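Visitor: Attaching a predicted model along with its sequence, questions to come.
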Amino acid sequence: MKVDQPLHRALGLTDGELGRIRATLGRDPNRTELAMFAAMWSEHCSYKSSKVHLRTLPTEGPQVLVGPGQDAGAVDIGESLAAVFKMESHSHPSAVEPYQGAATGVGGIVRDIVSMGARPVALLDALRFGPLIEERNRVLFTGVVAGIGGYGNCIGVPTVGGEIRFAEPHSANPTVNVMCVGVAPADRLMTGNEVRVGSMLLLIGAATGRDGIGGVSVLASRTIEDQAGDARPSVQIGDPFAGKLLIETCLELVEGGLLLGLQDLGGAGLTCAASETAARAGLGVELDLDAVPLREAGLEPFEILTSESQERMLAVVDPSRLDEAQGVCEKWGLTSAVVGTLVDGGRLVVRVGGAVVADVPARSLVDEGPVYERRIERPAGRHEILEDDPTFAPVDTDPRDAFLAVLSSPNVASKRWAFEQYDQLVQGSTVAPPGIDAAVIRIEGTLRALALSCDGNGRFGHLDPYLGAAHAVAEAARNVAVMGATPLAITNCMNFGNPERPAVMWEFAESIRGMGDACRRLGTPVTGGNVSFYNESGASAIWPTPIVGMLGLIEDYRLLVRPGFPGPGFLVYLLGETFPELGGSEFAQVVLRSVSGHPPALDLAREASLHQMLVEAARGDLLASAHDCSDGGLAVALAESAFAGDTGFAVSLPGDEPWYVALFSESASRAVVSVAPEKAESVEALASAHHVPLSRLGETGGPGMVFDSLLETTVEKARSAYEGAIPKLLAG
Amino acid sequence: SAHGSAGPGMKYRFRVVVSLKPGLLDPQGKAIEGSLPAMGWTNASNVRVGKYVELVVDAETEAAAVSQVDEMARRLLSNPVIESYRIVASAPDLRFEDVP
Amino acid sequence: SAHGSAGPGMKYRFRVVVSLKPGLLDPQGKAIEGSLPAMGWTNASNVRVGKYVELVVDAETEAAAVSQVDEMARRLLSNPVIESYRIVASAPDLRFEDVP
Amino acid sequence: MSAGTPRVGVVTFPGSLDDRDALRAAALMGGDGVPLWHADRDLRGVDAVILPGGFSYGDYLRTGALARFAPIMDEIRAFADRGGPVVGICNGFQILCEAGLLPGALIRNRQLRFVCRFVDVRVETSLSPLTEGLVPGEVLRIPVKHGEGQFTAPPHDLARIEGEALVTFRYCGPGGELDDEYNVNGSADSIAGIRNPQGNVTGLMPHPEHAVDPDVGSTGGQPLFASLLAYALARV
Ligand SMILES: Nc1ncnc2c1ncn2[C@@H]1O[C@H](COP(=O)(O)OP(=O)(O)O)[C@@H](O)[C@H]1O
Ligand SMILES: [Mg+2]
């Protein structure tokens, strides 16, 4: 950061924004106030560049209990229970310090869930890195995975799913998105609407230090230059042990009915938590910084106010319950201190030694931040990329080589190396652990279960941001539907470059449009999410990376359908149709070395009826296995079902497309199912009732993978390619 | 590599201490400190936990050995973003026991 | 506790080094050693990784402080089954930087 | 509490994670799960004690190093001295070693990575609260999930552990065969669990409490809990 520029600019505020602050206050802000506005009006906290687009997303539905705006969204999952879920990015810190960056990302998203009064029951992580052939990318990948495990494993929340993709544009800027899911009685969700005048603000947990000072405005709203230097002061160390104690403390406080409200301290720290609490209640708040427990002496007021020290929560307590509440904190060995009181009048007044150091309207920080209609411009040269479609390129590769090459491509290959480092089992509810389409978590004391999936397709998004985002929603929904779950709602994380560049803003707007259309048509409203801009270094931005976190519901988890072929003698069907669509496919990249052309088309009506059919088939116990057909196409879907069930197959390819289209086209709205012969008729009837095209491919059984006369290999051989790829790359 | 080709020189023993930069939270130190009173130690404070690495380097001159260990400490043993390191060099073949 | 009642005495700073007993396998040391050649260092060996703890003890005499830290190191900071410890005591208020 | 229902205490330390799971498993297998709190000095009249998995005190400094100083550990030591059955699972195993109730120690996995995986373990002796009813050689499928589960001990201790047949479980292949490829964390002699010479205290890295309910994995933990309940009952 340059020293010669005015303070407000150094803090990331534009001259125009400073003018706004002057107008609001009717005077010049002092340093402390300026820092508070800078933190709250940063892109990270104010969504000033994305707001106008996010508004267009569908957010309503009978299942939605809490939509965007709260710390996390919540949906009704029956039996008067709510599922609370949210996804967040921690890419910038992770690029600087992979282990701690990822670890603190987990800590942060977990506290978002806890602040709704819900017990975290599952974590998922969606990751993007540059190719593993480069050493730095290996360091980032191994560090991030270790960090996610290091925190998640230590707090007793199972990490049950996620996805990992590798692409050059992420070499300089890895993407680290973490999703957390929690469960709470629907009538006990902490939405803070009981907060009233006289309520006390109880700061619980870690002492406040100089952590992430300016982190919000420096780390999240500025592009990271290659030398980590600039960002250093803002890197934080996670303390998962304190995090675990904080979870148990807060849940005991909530269950004991001791709280009126609960807020986590994330971006903009105490300033954000206090002003949001006040603004939501239409009240003001008096903060006393002398009461804030400090980790080190000599913190300035603005540091205490914007510190992002981890493992802290702000509880709103009625004075009559204060002693009880602090007793619970003590039981768990956590410090707690009353740092403020809710008052009439709507102002946020901060005192040190009795003297006022800041006095601003709470709403001005929270709701009156700037909103920008950034310029949008479709980048040039897109026409050429789209027209250069690999679907019609000549292919001279041997089918078997192509098959093994796609299976061992890091994007397709097994991610076991990563998810084996995560505790998938703690809490005893993991019905379906990582490794298949969606993770399934049963709800204690019921037969219900949640199906969870994270999806995003970088190449599709790169070629067509609208389609890319729509496909992400469709695939995520398909991933839960194949297991028999009804897609309920999504959270998301929108990872993009610099929004001040019209081309990036175009990608963002298109992605939001695609996500919105898909969510409307598939009946999965958006209950919350997170936007991460400035993911670029120099001129190179990441591919548009909208990540979708899907939540699906299964009424009876005993009817869950798994992707593995259960044994010999089952009929194998392809649901849906395969079109000549190799644009942006894994095959095109791995075998034809091309990332161009049109991504597969997406007919949302077809997609929706496929999901309905799959869910109905599961309810009727008609399917022996089901697996969605996406990355790597039909060939990979068949292979993964064979691996999961340790059972081979013999199939012949449908249609009269060339073999590489039939095997590797990534046409949407497809699934591979296996069916017991006696149930074949019912399945075929159900398919036609839903107008889902269906073709019989062959039978399960034997140690081989046989695509009629075209290619043949064994489950063992294919499995070693699939399982061995990433460990081999990491061995360097 | 250049280092590799450093013929059969002297053996130099080193100790490197890697610790979190001041100001950064040290969860381990904090947890230890928090549990000391229960064990009857109420008079201990400022507990910080770091890493300690011993190694032997084969080089022609002590200067060469030191500069190599410095590079190793910076690139491999520590993460400069959050940690700082200190090298305790010791004369050829000196036994560690002789160094405080 | 006895220690607690040690009135407002002197502050003594200590460093304790905890390392695996010789002969015991050190997975971290082994891993570091394994990764050295790839980074171009073929002349480093005998890599062992240990722990390093800094703390301040409040006591009336240095002897009292030392004997307390010794007890802490034995009972808490190290696991006698597999580890040994060494105390680096330093005079009152001496800054760590002054100790090698 | 019916006379025939053994009370199985499960201790919650700050940072314990699988305590709820152990309580659930004990109940599912026909016992009474009794929550115990680290700061208490009261075992609430339980017939058996489980130190559960997790990251007590974050596993900072060393796994189990801080937990062993908890007040309830004095009671557990006394309970063990009276011959009461004490079982340490994962972090509980690490705590028992730190407390000196079991020999040896557990260090970082050989691969230096946390590992969560279903593994096969071979029963080595029936002289422990977990294996009384079982036949040595029996193979059980149970998950492990730990970053510091590599069992180690100085040579003479290890010789004694083997000599006195204190090994209760070893990592093995599906057929019970021992091979380095099945040694999930590089433990000495593929040791997955051990007991004390008296045979009433035992610890293991695998998680039997996560292997009792077929809906969420394997059932390899059932015989171990059955054995523990019978063992406890016999001493009520
Ligand atoms: N980072 C990760 N963390 C946990 N599980 C992961 C991760 N990456 C991939 N997985 C798991 O591996 C399996 C395959 O992932 P993916 O290829 O994205 O599946 P799909 O193509 O069906 O969406 C899924 O079960 C997923 O949950
Ligand atoms: Mg996916």
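Guide: Noted; the coordinates are in hand. Values in this document were obtained by computation on a predicted structure and should not be read as measured data. Ligands and ions are numbered 1, 2, ... in the order given.
Visitor: hey, let's count contacts and neighbours off CA atoms from now on
Guide: Noted.
Visitor: Output the below-cut-off pLDDT ranges for chain B.
Guide: B:1-8, B:89-100 (pLDDT under 70).
Visitor: what's the answer for chain A, then?
Guide: Low-confidence segments of chain A (pLDDT under 70): A:1-4, A:214-234.
Visitor: partner residues bridging residue D:167?
Guide: Following DSSP bridges, residue D:167 is listed with bridge partners residue D:194.
Visitor: which residue does chain D bring closest to chain C?
Guide: Closest residue of chain D to chain C, C-alpha to the nearest C-alpha: residue D:110 (5.6 Å).
Visitor: Give me the three-state assignment for that residue.
Guide: Following DSSP: H, G, I helix; E, B strand; the rest coil, residue D:110 is assigned to coil.
Visitor: residues in contact with it?
Guide: C:27, D:150, D:185-187 (C-alpha atoms under 8 Å, 6 or more residues apart in numbering or on different chains).
Visitor: Run a quick neighbour tally on the residue nearest to residue A:188 when sequence neighbours are not counted.
Guide: The shortest distance from residue A:188 to any non-neighbouring residue, by C-alpha to C-alpha, 6 or more residues apart in numbering or on different chains, is to residue A:117 (7.0 Å). By other C-alpha atoms under 10 Å in any protein chain shown, 30 other residues sit near residue A:117.
Visitor: quick one: residue A:117 from residue A:357, how far?
Guide: Distance, residue A:117 to residue A:357, using C-alpha to C-alpha, to the nearest Å: 33 Å.
Visitor: same deal with residue A:645?
Guide: For residue A:645, the distance to residue A:357 - C-alpha to C-alpha - is 65 Å.
Visitor: Does residue A:542 touch residue A:536 like I think?
Guide: Yes - with contact defined as C-alpha atoms under 8 Å, residue A:542 counts as touching residue A:536 (6.1 Å).
Visitor: Which neighbours do these two have in common?
Guide: Common neighbours of residue A:542 and residue A:536 (C-alpha under 8 Å, 6+ apart) are A:173, A:497.
Visitor: give me the number of residues near the residue of the stretch 201-350 of chain A found nearest ligand 1?
Guide: Nearest residue of the stretch 201-350 of chain A to ligand 1, counting by C-alpha to the nearest ligand atom: residue A:240, 18.6 Å away. Residue A:240: 27 surrounding residues under other C-alpha under 10 Å.
Visitor: And residue A:16, by the same measure?
Guide: Residue A:16, neighbours per other C-alpha under 10 Å, totals 10.
Visitor: what about it, which SS state?
Guide: The three-state label given to residue A:16 by three-state DSSP is helix.
Visitor: Tell me the spacing between it and chain B.
Guide: According to C-alpha to the nearest C-alpha, to the nearest Å, residue A:16 and chain B sit 34 Å apart.
Visitor: One more: residue A:78?
Guide: The spacing between residue A:78 and chain B, counted by C-alpha to the nearest C-alpha, is 40 Å.
Visitor: try residue A:237
Guide: 6 Å.
Visitor: How about residue A:589?
Guide: Distance, residue A:589 to chain B, using C-alpha to the nearest C-alpha: 34 Å.
Visitor: What of residue A:642?
Guide: With C-alpha to the nearest C-alpha as the criterion, residue A:642 and chain B are 42 Å apart.
Visitor: Residue A:713 is in contact with that residue, correct?
Guide: No - counting by C-alpha under 8 Å, residue A:642 does not reach residue A:713; the two are 11.9 Å apart.
Visitor: Can you report how many residues lie near residue 97?
Guide: The chain I'm using is chain A. Neighbour tally, residue A:97, other C-alpha under 10 Å: 26.
Visitor: that answer is for a different chain, and I need it for chain D
Guide: If we define neighbours as other C-alpha under 10 Å, then residue D:97 has 23 of them.
Visitor: Who are the contact partners of it?
Guide: Residues near residue D:97 by C-alpha under 8 Å, 6+ apart: D:103-106.
Visitor: what's the helix of greatest length in chain D in contact with?
Guide: Criterion DSSP state H: the longest helix present in chain D is helix D:222-234. With C-alpha under 8 Å, 6+ apart as the test, helix D:222-234 has contacts from D:4-6, D:8, D:25-26, D:29-31, D:47-48, D:84-85, D:129-134, D:208, D:211-212.
Visitor: cool, stretch A:467-479 as well?
Guide: With C-alpha under 8 Å, 6+ apart as the test, stretch A:467-479 has contacts from A:437-438, A:453-462, A:487, A:511-512, A:514-519, A:522, A:546-550, A:552, A:599, A:601-602, A:604, A:607, A:611, A:627-628, A:630, A:668-669.
Visitor: Now which of those would you call buried?
Guide: For the contacts of stretch A:467-479, a burial check counting by 16 or more other C-alpha atoms under 10 Å in any protein chain shown picks out A:437-438, A:453-462, A:487, A:511-512, A:514-519, A:522, A:546-550, A:552, A:599, A:602, A:604, A:607, A:611, A:627-628, A:630, A:668-669.
Visitor: Show me what the most centrally placed residue in chain A is bridged to.
Guide: Closest residue to the average C-alpha location of chain A: residue A:87 at 3.8 Å, with C-alpha atoms, centre = their mean. Under DSSP bridges, the beta-bridge partners of residue A:87 are residue A:179.
Visitor: ok, it to ligand 1 distance?
Guide: Residue A:87 sits 14 Å away from ligand 1, going by C-alpha to the nearest ligand atom, to the nearest Å.
Visitor: That residue and residue A:493 touch, don't they?
Guide: Yes - with contact defined as C-alpha under 8 Å, residue A:87 counts as touching residue A:493 (6.1 Å).
Visitor: List the contacts of the closest residue to chain B within chain D.
Guide: The minimum distance from chain D to chain B, using C-alpha to the nearest C-alpha, falls at residue D:60 (5.2 Å). Residues in contact with residue D:60 (C-alpha under 8 Å, 6+ apart) are B:27-28, B:31-32.
Visitor: Go through those residues and name the one nearest chain D.
Guide: Distances from chain D to the contacts of residue D:60, taken by C-alpha to the nearest C-alpha, are shortest for residue B:28, at 5.2 Å.
Visitor: Tell me the first helix or strand C-terminal of the strand or helix carrying the closest one.
Guide: Take DSSP states H and E as the rule and residue B:28 turns out to sit in helix B:27-35. Per DSSP H and E, the first helix or strand lying C-terminal to helix B:27-35 is strand B:44-59.
Visitor: Report the buried residues of that following strand.
Guide: The neighbour-count check on strand B:44-59 (16+ other C-alpha under 10 Å) flags B:44-45, B:47-59 as buried.
Visitor: Check stretch B:14-31 too.
Guide: B:14-20, B:24-31.
Visitor: Which members of those residues additionally contact chain C?
Guide: Under the cut-off given by C-alpha under 8 Å from any C-alpha of the partner chain, chain C has residue B:17 from the buried residues of stretch B:14-31 close to it.
Visitor: what two of the buried residues of stretch B:14-31 have the greatest distance between them?
Guide: B:14 and B:31 (29.8 Å; C-alpha to C-alpha).
Visitor: The longest helix anywhere in chain B vs strand B:44-59, what angle?
Guide: Under DSSP H, the helix in chain B containing the largest number of residues is helix B:62-72. Calculated by axes from the mean of the first three to the mean of the last three C-alpha atoms, to 10 degrees, helix B:62-72 forms an angle of 120 degrees with strand B:44-59.
Visitor: could the contacts of residue D:97 go into CSV alongside pLDDT?
Guide: CSV is the format used below for the contacts of residue D:97 (pLDDT from 0 to 100):
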residue, pLDDT
D:103, 97
D:104, 96
D:105, 96
D:106, 97
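Visitor: ok, so of those, who is nearest residue A:579?
Guide: Among these, and counting by C-alpha to C-alpha, the member closest to residue A:579 is residue D:106, at 55.6 Å.
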